[in-house]
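K.L.:
Sequence first, then the predicted structure:
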Amino acid sequence: MKSDSLRLRRIQRMAHEIMDEMHFNKEQRETEKLNLIIDNLSRAVGDLTDPSGNYSLDYLEEKVKSAHSLLFKNKKVKTHY
């Protein structure tokens, strides 16, 4: 089983790749696809920002991974730095 810090780094990397793709790639995207990406990311953030401090790393990982997969389906990921 991966340690929590490694899992969080992986989630963070996927989130950065999503952010970079949205900022640097100006191609038009389907509205429905964007809605699903935003829905997954907002659910992840909503869970992470629970005032009680309880969040599920599994849920967070699942939602960010889903958003990442939707955006990068059939694409090679390029990191923009």
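P.N.:
Thanks, I have the structure now. Since we're looking at a predicted model, the values are computed, not measured.

K.L.:
can you pull the buried residues of stretch 38-50?
P.N.:
Neighbour-count burial for stretch 38-50, with 16 or more other Cβ atoms under 10 Å as criterion, is recorded at N40, L41, R43, A44. All C-beta spots, glycine's among them, are computed from the backbone N, C-alpha and C.

K.L.:
Break down this protein into its helices, ranges please.
P.N.:
4-24, 31-48, 57-72 (DSSP state H).

K.L.:
Now do the same contact list for the residue nearest to S56 when sequence neighbours are not counted.
P.N.:
Distance criterion Cβ to Cβ, 6 or more residues apart in numbering; nearest residue to S56, sequence neighbours excluded, is D47 at 6.3 Å. Contact analysis of D47 by Cβ atoms under 8 Å, 6 or more residues apart in numbering lists Y55, S56, Y59, L60, K63.

K.L.:
Pick the one among those closest to E27.
P.N.:
Proximity to E27 was ranked across the contacts of D47 by Cβ to Cβ; first place goes to K63, at 23.8 Å.

K.L.:
what's the closest one in contact with, if anything?
P.N.:
Contacts here follow Cβ under 8 Å, 6+ apart; on that basis K63 touches N40, L41, R43, A44, D47.

K.L.:
Kindly reformat the residues you listed as TSV containing pLDDT and distance to M14.
P.N.:
Listed next are the contacts of K63 as TSV, based on pLDDT from 0 to 100; distance: Cβ to Cβ, whole Å:
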residue	pLDDT	distance to M14
N40	95	11
L41	96	10
R43	94	15
A44	94	10
D47	92	15
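
K.L.:
Reformat those as a markdown table; add distance to R29.
P.N.:
Converted to a markdown table, the contacts of K63 look like this (distance: Cβ to Cβ, whole Å):
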| residue | distance to R29 |
| --- | --- |
| N40 | 14 |
| L41 | 14 |
| R43 | 19 |
| A44 | 19 |
| D47 | 25 |
